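Asker: below are the sequence and a predicted model; questions follow.
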Number of protein chains: 2
Amino acid sequence: MAVAGGGTTGARYRRLAADLREAIATGAYGADGRLPSEEKLAQQYGVSRGTVRQALAVLRANGLVTSRRGTRRVVLGTARTQSFFELLSFTRWARSLGEEPGSRTIGIERRPAEPLECEQLGLAPGSQIYRVLRLRTLSRVPIMVERTLYPERIGALIKRLDPHAISHTDPLAEEGVVFADTEHTIDLVYADADDTRLLGCAPDAPLMRERRRATDQAGRPLMWSDDRFVPGTIAFTVHNSVATTALSRRRG
Amino acid sequence: MAVAGGGTTGARYRRLAADLREAIATGAYGADGRLPSEEKLAQQYGVSRGTVRQALAVLRANGLVTSRRGTRRVVLGTARTQSFFELLSFTRWARSLGEEPGSRTIGIERRPAEPLECEQLGLAPGSQIYRVLRLRTLSRVPIMVERTLYPERIGALIKRLDPHAISHTDPLAEEGVVFADTEHTIDLVYADADDTRLLGCAPDAPLMRERRRATDQAGRPLMWSDDRFVPGTIAFTVHNSVATTALSRRRG
DNA sequence: TGAGTCAAGTTGTACAGCCAACTTATTCCA
DNA sequence: TGGAATAAGTTGGCTGTACAACTTGACTCA
């Protein structure tokens, strides 16, 4: 029985998916890029066809392969899909690019939540929240201003961290705070006074805004953030197919 | 046996997913928002647990429910996820908002593809392509400038359309051109001469750019488009979870 | 009272099998 | 030669079963 690479932990279909991704990235399936049949793969890896199908569903959702009744799968691209955490955490994202992430904490305050903030964080009116303002850098260059709101429980943990800590997500993970789902909204805004001062851009300069809302496994909001990027430093890509749609457009 | 609503065509798990989405939207699962167990749902709808799980996987990918070993699923939100086609087609998107989509074709040209264009459309060097420049409006107001490239086969179909046709996607679908996968890249650019003239904005005004690349079921590129939106008219939202990641950030 | 233990309930993972729907290449026939 | 029928191969969809991993609430006991 062949052993699926890409690590030896976790579910079989995940290991298999990692293995197939690796094989695709190294061009193991040739120029035309047709994958072996599910049956073949099942035999090769010594698993059932169902497990193979689960693995291939992952690759399909990532936009790596097509999937179509009647004919074998075709490789769409070797596009390396980022892990969930590279999307959640600025620090991990930067490191995955081989750049040095930096963080300067401008301020942390504890105050009552406003109505909109209560709604976004699923809190009772008047609950206390923490608000953290940070300047993020990529290889010393200011890239983004991050304004993050935490419910009291999480914020208290953040407050105790080293003020020079680059990542907040990682220490939270060590405390057992699990980020499971995020919703991202992307639009364009104009720099306010803080943005202008911290990023060194012109007043009212256009910025790419990404608002992130993260919840734990039970669906409880953990964080709501407003991140503003200097134009030209970032682009967002989304893959979606008839099968799975994750992106949507909204009126701004 | 209960009949799943939300249409009577297509696979059972899709009908079931539509039915559950409807039930969630109307608040059928109460304030705490816990779904019945998979076993219960299977009995209620007269299907197997595997089919229920397929349906719930769809809702999960759409960010409607959580999913976690050991406890029942929890409703995250009633957020109506747009269909694949509302994302693919400006016309359908506008109609789903209840607004009137408009289109003014500025020009159609046939010319040899440049190297980058060949790569994006998977064509041999020097192949002919069609380029369509359109101004899109929402309830008569200019919203977006659309520059779309088609390979020759598709472009020839477009060329034959009524120049006042609002949708190009729908007629193509009738010709059997099936859009199956799209990749979207979102960033910020500054208006060029065409943008300025058509949108009536200032020279070098900031615009939200969405580049869309669509392929058919076999993975053959069908279209590559550069769409530039007036700020404030649009926002993009993405949901992703540990299980399925579709979005990624890139250096701009 | 409080902590630990236990049992029931629930989702995750994996296996096996069956048929339908579809694609592709081959074969056959006019 | 060209087109239609056919067969083989492949993925989609659905069912059933079994066990593992985990959550939750109730219960027990010190």
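Answerer: On my side now, so go ahead.

Asker: from what I can see residue A:101 touches residue A:138, true?
Answerer: Yes. Using CB atoms under 8 Å, residue A:101 and residue A:138 qualify as a contacting pair, with a distance of 6.6 Å. For every residue, glycine as well, the C-beta is placed using N, CA and C.

Asker: now do the shared contacts for these two.
Answerer: Among the neighbours of residue A:101, those also in contact with residue A:138 (CB atoms under 8 Å, 6 or more residues apart in numbering or on different chains) are residue A:94.

Asker: in chain A, which residue sits closest to chain B?
Answerer: Shortest chain A-to-chain B distance, computed as CB to the nearest CB: residue-wise this is residue A:206, at 3.4 Å.

Asker: residues contacting that residue?
Answerer: Residues in contact with residue A:206, defined by CB under 8 Å, 6+ apart, are A:188-191, A:231, B:188, B:206, B:231.

Asker: buried ones among the residues you listed?
Answerer: Among those, those buried by neighbour count (16 or more other CB atoms under 10 Å in any protein chain shown) are A:188-191, A:231, B:188, B:206, B:231.

Asker: from those residues, which land in strands?
Answerer: If you go by DSSP state E, these have A:188-190, B:188, B:206 in strands.

Asker: which of the residues you listed lies closest to residue B:128?
Answerer: Proximity of those to residue B:128 (CB to CB) peaks at residue B:188, which lies at 31.8 Å.

Asker: what pLDDT does the residue lying closest to that closest one once chain neighbours are set aside get?
Answerer: The shortest distance from residue B:188 to any residue that is not its chain neighbour, by CB to CB, 6 or more residues apart in numbering or on different chains, is 4.3 Å, and that residue is residue A:231. The predicted local distance difference test score for residue A:231 is 96.

Asker: my read: residue A:231 touches residue A:208, true?
Answerer: Yes. Under the contact definition of CB under 8 Å, residue A:231 touches residue A:208, with a separation of 6.1 Å.

Asker: now do the helices in chain A.
Answerer: If DSSP state H is used as the criterion, the helices of chain A fall at A:12-25, A:38-45, A:49-61, A:84-88, A:90-96, A:115-121, A:152-159, A:169-174, A:193-199.

Asker: these: lowest mean pLDDT?
Answerer: Checking each of the helices of chain A, the one with the poorest mean pLDDT is helix A:84-88, at a mean of 81.

Asker: and for the residue lying closest to residue A:13 once chain neighbours are set aside, the neighbour number?
Answerer: The shortest distance from residue A:13 to any residue other than its chain neighbours is 3.8 Å, reached at residue A:54 (CB to CB, 6+ apart). Residues lying near residue A:54 (other CB atoms under 10 Å in any protein chain shown) number 17.

Asker: burial count for residue A:104?
Answerer: The criterion is other CB under 10 Å. On that basis, residue A:104 has 14 neighbouring residues.

Asker: so what's it bridging to?
Answerer: Here residue A:104 shows beta-bridge partners residue A:135, assigned using DSSP bridges.

Asker: how close does the residue of chain A closest to chain B sit to DNA strand C?
Answerer: As defined by CB to the nearest atom of the strand, to the nearest Å, residue A:206 lies at a distance of 41 Å from DNA strand C.

Asker: next: residue A:192.
Answerer: Separation of residue A:192 from DNA strand C (CB to the nearest atom of the strand) stands at 41 Å.

Asker: ok, now which ones touch residue A:178?
Answerer: Residues A:216-217 are the ones in contact with residue A:178 under the rule CB under 8 Å, 6+ apart.

Asker: per-residue confidence at the spatially closest residue to residue A:220 that is not a sequence neighbour?
Answerer: If you skip the residues right next to it in sequence, residue A:220 has residue A:122 as its closest partner in space, 6.6 Å away by CB to CB, 6+ apart. For residue A:122, the model assigns a pLDDT of 87.

Asker: and for residue A:136?
Answerer: In the prediction, the pLDDT value recorded for residue A:136 is 97.

Asker: any idea what the nearest residue to it once chain neighbours are set aside is bridged to?
Answerer: Using CB to CB, 6+ apart and skipping the chain neighbours, the partner closest in space to residue A:136 is residue A:144 (4.4 Å). Judged by DSSP bridges, the bridge partners of residue A:144 are residue A:136, residue A:229.

Asker: surely residue A:144 meets residue A:104?
Answerer: No. Using CB under 8 Å, residue A:144 makes no contact with residue A:104, being 11.4 Å away.

Asker: need the residues touching each of the two.
Answerer: Taking CB under 8 Å, 6+ apart as the contact criterion, the residues that touch both residue A:144 and residue A:104 are residue A:135.

Asker: residue contacts, the closest residue to residue A:76 other than its chain neighbours?
Answerer: The spatially closest residue to residue A:76, leaving aside those adjacent along the chain, is residue B:219, at 5.0 Å (CB to CB, 6+ apart). With contact set as CB under 8 Å, 6+ apart, residue B:219 has these partners: A:66, A:74-76, B:181.

Asker: these: which two are farthest apart?
Answerer: Spanning the widest gap among the contacts of residue B:219 are A:75 and B:181, at 12.5 Å by CB to CB.

Asker: neighbour-wise, which of those two wins?
Answerer: In this view residue A:75 and residue B:181 are compared by other CB under 10 Å, and residue B:181 has more residues nearby, 25 against 22.

Asker: and that one, how far from residue A:34?
Answerer: Computed as CB to CB, to the nearest Å, the residue B:181 to residue A:34 distance reads 17 Å.

Asker: now do residue A:244
Answerer: Noted for residue A:244: a distance of 22 Å to residue A:34, by CB to CB.

Asker: for those two, indicate the residue with more neighbours.
Answerer: Between residue A:244 and residue A:34, residue A:244 has the larger neighbour count (other CB under 10 Å), namely 19 against 15.

Asker: residues of the stretch 1-150 of chain A that sit close to chain B?
Answerer: Near chain B, the residues belonging to the stretch 1-150 of chain A are A:58, A:61-63, A:66, A:68, A:71, A:74-76, A:81-84, A:86-87, A:93, A:97 when assessed by CB under 8 Å from any CB of the partner chain.

Asker: please pick the buried ones from those.
Answerer: Judged by 16+ other CB under 10 Å, buried ones among these: A:58, A:61-63, A:66, A:74-76, A:81-82, A:84, A:86-87, A:93, A:97.

Asker: centroid residue for chain A?
Answerer: For chain A, the residue sitting closest to the mean C-alpha position, by CA atoms, centre = their mean, is residue A:87 at 2.0 Å.
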